[in-house]
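Visitor: Task: produce atomic coordinates for the following.
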Amino acid sequence: MWRNTTRAVLAGILSLGVTSTAVADTAHLDSGDTAWLLISTALVLFMTLPGLAFFYGGLVRSKNVLSILMQCFAIACVMSILWFVGGYGLAFGNGGSWQAFIGAGHWFLLDVTRESLTGSVPESVFLMFQMTFAVITPALVIGAIAERMRFATVLSFSLMWLLLVYVPVCHWVWGGGWLMQRGIMDFAGGTVVHINAGIAALVSALVLGRRKGFPETAMPPHNMTLTVAGAAMLWIGWFGFNAGSAVAANGSAGMAMLVTHLAAATGSLAWMALEWFRYGKPSVLGIVTGMVAGLGTVTPASGFVGPVGGIAIGLLAGIICYISTQYIKRGLNIDDSLDVFPVHGVGGILGTLLAGVFASSAFGGVGYQNGVSMLDQVMVQALGVGATALWCAAGTYLILKIIGLFAGLRVNQEEETEGLDLSDHGERAYTL
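Guide: Model (predicted):
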């Protein structure tokens, strides 16, 4: 059964509902597991700083590159403090009668000591690992509203969004909440990270409106070298994202790393091939975007599928996310600046559903719980997709409307023309 394969994850999460002393009495620290999770934590933070920052920074116009770098950096700082104050407790604490929907406890991490364990690793390491997920998710969202949202609004939105949207979904899926109780398969964040970020990106782009000149004016990336460097960092860091989610140095982590790599490579080639066929030339932007699509799509399935599943998911990710990107941008004229929804949102939905298919032992996956069929599992996956999308859409819309009542959501036209680097930060990225 897949629960046995991922015992370290589930045992660690469920143990958070009891006191640290009780956990210490029934669990033993494993130095190998701890070392791997320490490395994974650094890798996931590396994905945001500098990976995502460089990836996004190269994709925007030169007058806005510092604003993106600043937003990624500041979000990492703010989300870390928020996780310390109460985010971790709300996501993974024991919520009593509300346990199915939200957690409670661990305020200011006062009960987290050097002896506290989560499964076979120190609780301090586990919460730090989860903190990096809370950092990168709102940082993904800013790609949709790049070049037009005020810096103060970005920070206000990210703070409120983490508490009202990310934390509840995280608890539902990983913290002992109702979706976890129903047996949803989300190994490393298809719902919690990618669907959440994608839906928030789509709603934000619609509420904020298009950039000045979109879609008539071409707005190409200003520095593809920076983007490729960031993409390479994302690929490397994603091994911590997915393989680290085993919360152990074991076969589950090893297989997650393998299928993650295969999906990234296949997604890259699929996207490249489609562009090559359609336009006669393969683009660098296309191959790195296909890589991100493959990585995001395999994320929820990474600990449950085998190599065949990894290849299949990467192939479908490259094709479907490519089509979605073209349709969102050109068909619907939605100004999702850096294609967050068609890559992360569509990829997260696709990967979450496909996890229920390719987890089958017939495809080399871990199999299902006793009495659960493929159809049963896919229905649970679909429930998770729908619940996450609805909660995120409603929460994101509400947060933006509340902020809009008290402050402007976007810069004025003069500031947008000048660029956010100067209007928000009084600096230029390039002086030559």
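Visitor: For the rest of this, base every contact and every neighbour count on C-alpha atoms.
Guide: OK.
Visitor: what about the helices in the stretch 201-350 of the chain?
Guide: In the stretch 201-350 of the chain, the helices defined using DSSP state H, counting those that start in this stretch lie at 224-243, 251-279, 284-298, 307-326, 340, 346-358.
Visitor: Adding distance to residue 75 and mean pLDDT, write those helices out as a markdown table.
Guide: Compiled in a markdown table, the helices of the stretch 201-350 of the chain are given as follows (distance: least, CA to CA, whole Å; pLDDT from 0 to 100):
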| stretch | distance to residue 75 | mean pLDDT |
| --- | --- | --- |
| helix 224-243 | 17 | 98 |
| helix 251-279 | 26 | 98 |
| helix 284-298 | 20 | 98 |
| helix 307-326 | 26 | 98 |
| helix 340 | 17 | 98 |
| helix 346-358 | 22 | 98 |
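Visitor: Now render those as TSV, adding mean neighbour count.
Guide: Shown next, in TSV, are those (neighbours: other CA atoms under 10 Å):
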stretch	mean neighbour count
helix 224-243	23
helix 251-279	23
helix 284-298	29
helix 307-326	24
helix 340	27
helix 346-358	28
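Visitor: now these in TSV, with distance to residue 87?
Guide: Output for the helices of the stretch 201-350 of the chain, formatted as TSV (distance: least, CA to CA, whole Å):
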stretch	distance to residue 87
helix 224-243	19
helix 251-279	26
helix 284-298	24
helix 307-326	31
helix 340	24
helix 346-358	23
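Visitor: of all those helices, which lies closest to residue 372?
Guide: Residue 372 lies closest to helix 346-358 among these, at 10.6 Å (CA to CA).
Visitor: which residues sit in contact with residue 300?
Guide: 185, 186, 187, 188, 189, 190, 191, 348, 351, 352, 355 (CA atoms under 8 Å, 6 or more residues apart in numbering).
Visitor: give me that answer again for 6 Å
Guide: By CA atoms under 6 Å, 6 or more residues apart in numbering, the contact set of residue 300 is 186, 187, 188, 189, 190, 352.
Visitor: May I ask which two of those are separated the most?
Guide: Spanning the widest gap among the contacts of residue 300 are 188 and 352, at 10.3 Å by CA to CA.
Visitor: Can you select the buried ones from the contacts of residue 300 in PyMOL?
Guide: With 16 or more other CA atoms under 10 Å as the criterion, this PyMOL line picks the buried residues out of these:
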select buried, resi 186+187+188+189+190+352
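Visitor: Specify which member of the contacts of residue 300 is nearest to residue 270.
Guide: The shortest approach to residue 270 among these belongs to residue 352, at 19.7 Å (CA to CA).
Visitor: OK, contacts around that closest one?
Guide: 190, 300.
Visitor: ok, it to residue 194 distance?
Guide: From residue 352 across to residue 194, the span is 10 Å (CA to CA, to the nearest Å).
Visitor: what do you get for residue 91?
Guide: Counting by CA to CA, the gap from residue 91 to residue 194 is 17 Å.
Visitor: now do residue 408
Guide: According to CA to CA, residue 408 stands 27 Å off from residue 194.
Visitor: Can you pick out the residue with more neighbours from those two?
Guide: residue 194 (30 against 14; other CA atoms under 10 Å).
Visitor: what pLDDT does residue 369 get?
Guide: Note on residue 369: pLDDT of 94.
Visitor: and residue 208, how many neighbours does it have?
Guide: With other CA under 10 Å as criterion, residue 208 counts 18.
Visitor: So for residue 422, what's the nearest residue that isn't a sequence neighbour?
Guide: Spatial nearest neighbour of residue 422, chain neighbours left out: residue 428 (6.4 Å); criterion: CA to CA, 6 or more residues apart in numbering.
Visitor: One more: residue 67?
Guide: Nearest residue to residue 67 in three dimensions, chain neighbours excluded: residue 421, at 5.3 Å (CA to CA, 6+ apart).
Visitor: pLDDT of the helix or strand residue 415 falls within, averaged?
Guide: Per DSSP states H and E: residue 415 is located in helix 413-418. Averaging pLDDT along helix 413-418 gives 95.
Visitor: returning to what we had before: from residue 71, how far out is the residue nearest to residue 67?
Guide: Distance, residue 421 to residue 71, using CA to CA: 11 Å.
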